[in-house]
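[1] My questions are about this predicted structure, shown below with the sequence.
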Amino acid sequence: MTIRIDPNAHDDLRRSSQWYEDQRPGLGHEFLEEVDMVFTRIGRTPLRFPEVEPNVRRALLRRFPFAVYFSKGDVVEIIAVLHMRRDPESCRTRS
């Protein structure tokens, strides 16, 4: 299935990977690799992830405390990539 990343979600990824990179060189890259694995799982079986509100599903990263919020129509739209301590309501206006 085709995955499209919303510009806001792309900004989430950029900021988060930079923060990890600032903590330890290479860690930002590891974060992005983990996100890529989650995107692959979402693309293969998007309906396996729980619906957290109508037409919005959430996939959790395994190694980092982040959630990927997405909607599924003809394509999978990545709405947000948020740290689990952030309020998911902050991405509500994105969908």
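    Nice, I can see it.

[2] for the lowest-mean-pLDDT helix or strand in the chain, the distance to its chain's centre please.
    Lowest mean confidence among the helices and strands of the chain (mean pLDDT, DSSP states H and E): strand 51-53, at a mean of 93. Strand 51-53 sits 14 Å away from the centroid of its parent chain (Cα atoms, centre = their mean, to the nearest Å).

[3] Ok, stretch 56-67 next?
    How far stretch 56-67 lies from its chain's middle: 6 Å, per Cα atoms, centre = their mean.

[4] contacting residues for the most centrally placed residue in the chain?
    With distances taken as Cα atoms, centre = their mean, Val68 lies nearest the centre of the chain, 2.6 Å away. Contacts of Val68 were listed using Cβ atoms under 8 Å, 6 or more residues apart in numbering, and they are Val35, Val38, Phe39, Ile42, Arg58, Ala59, Leu60, Leu61, Ile78, Ala80, Val81. C-beta coordinates here come from the backbone N, C-alpha and C atoms, glycine included.

[5] Kind regards, and thank you for your time.
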